[in-house]
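Below is the structure, and that's it, no one-letter string:
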Ligand SMILES: O=P(O)(O)OC[C@H]1O[C@H](O[C@H]2O[C@H](CO)[C@@H](O)[C@H](O)[C@H]2O)[C@H](O)[C@@H](O)[C@@H]1O
């Protein structure tokens, strides 16, 4: 993505209303390109929105000739979830697909991970990366950080959390520049409520921070009206991608990605990755990161041919 040099907090304005205005064709495997025989739809599946892979032709039709701007979540979307963050390594083939896509359309990676961490895991130059759930953004000619005045509070909370969680086996505290993740994936089920209680207690003592959730994770982040949705809307404006010729696509698997799905409602398309798509604001779905990889590969092929 080419980019201007400055972004400011609030430049995205308030989130759009949560109503969904798009209508979508009934899920049918109508793609005239490569048929995808492994993704048969069932009525139950369809309730969550059509598969962007099984219904690839419909998906392409919904773009209506507009150029996509691609926003990609990392964990659970580009890579399967792993027992620990450092084990969620991007497959080389997927890296190649993202590289190919970045030559065909704007691509940004929007992650809960620390900015440097996700940029290293993806390992591609020239993309826009938004780390710490959009609080920390970097791209070619582009740099912005939201909530620097909260860093002291985060530092204090990090120290408190580590001290108070040390006695609970399996707890992992991951410090990102603008957030702290407390992982419970390795914690014994009976101990998980105790971890949550500590996190909520630390947050209650620090009004500058708020708690958000995710898959086997609790996070503390600056108590600001900022999230992945606001970050994506701001990026669209800042990168000159707000015109009618561009359609933003956001792939994500988790509750923090729902902020982006809601923000893009009426303006682009959300694609929820994962089995459980109940309650999502996304209009499309993909079963898992493997399907997401196949979808992205197919999208690259289609964009290269068009
Ligand atoms: O926005 P994302 O890119 O999806 O990042 C969300 C969080 O992802 C990571 O945690 C998750 O993935 C881990 C590795 O697979 C898994 O062990 C953990 O249970 C998941 O919650 C990352 O470590 C966090 O910092 C991100 O906020």
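Here it is on my side, so go on. Keep in mind the model is a prediction, meaning the values are calculated, not measured. Numbers count the residues shown, from 1 in each chain.

Surely residue 207 is in a strand?
No. Checked against DSSP: H, G, I helix; E, B strand; the rest coil, residue 207 lies outside a strand; its state is coil.

so how far is the ligand from it?
The gap separating residue 207 from the ligand is 22 Å, by C-beta to the nearest ligand atom, to the nearest Å. Backbone N, C-alpha and C define where each C-beta goes, glycine included.

Setting aside sequence neighbours, what's the nearest residue to that residue?
Excluding the flanking residues, the one nearest residue 207 by C-beta to C-beta, 6 or more residues apart in numbering is residue 223, at 6.8 Å.

what does the stretch 101-250 of the chain have sitting close to the ligand?
Residues of the stretch 101-250 of the chain lying near the ligand by C-beta under 6 Å from any ligand atom: 111-113, 174, 176, 181, 183, 185, 214-217.

residues in contact with residue 214?
Neighbour list for residue 214: 112, 254-256 [criterion: C-beta atoms under 8 Å, 6 or more residues apart in numbering].

Same list (those residues) but as JSON lines, adding neighbour count.
Below are the contacts of residue 214 laid out as JSON lines (neighbours: other C-beta atoms under 10 Å):
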{"residue": "112", "neighbour count": "29"}
{"residue": "254", "neighbour count": "20"}
{"residue": "255", "neighbour count": "14"}
{"residue": "256", "neighbour count": "25"}
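
Out of the residues you listed, which is nearest to the ligand?
Proximity of the contacts of residue 214 to the ligand (C-beta to the nearest ligand atom) peaks at residue 112, which lies at 2.4 Å.

rewinding a little: which among the residues of the stretch 101-250 of the chain next to the ligand count as buried?
Neighbour counting by 16 or more other C-beta atoms under 10 Å classes 111-113, 174, 176, 181, 183, 185, 214, 216-217 among these as buried.

re earlier: report the two of the contacts of residue 214 separated the most.
112 and 255 (10.4 Å; C-beta to C-beta).

after the helix or strand containing residue 152 comes which helix or strand?
Secondary structure here is read from DSSP states H and E; on that basis residue 152 sits in helix 151-165. Beyond helix 151-165 on the C-terminal side, the first helix or strand identified by DSSP H and E is strand 172-176.

what packs against that next one?
Applying 3 or more C-beta pairs under 8 Å, 6 or more residues apart in numbering; DSSP states H and E, we find strand 172-176 packed against helix 151-165, strand 179-183.

among those, which is the most enclosed?
strand 179-183 (a mean of 23; mean count of other C-beta atoms under 10 Å).

That one to strand 172-176, inter-axis angle?
With axes from the mean of the first three to the mean of the last three C-alpha atoms, to 10 degrees applied, the angle from strand 179-183 to strand 172-176 works out at 160 degrees.

now the angle from strand 179-183 to helix 151-165?
20 degrees.

Quickly run through the sheet partners of strand 179-183, with directions.
strand 172-176 (antiparallel), strand 217-222 (antiparallel) (DSSP bridges).
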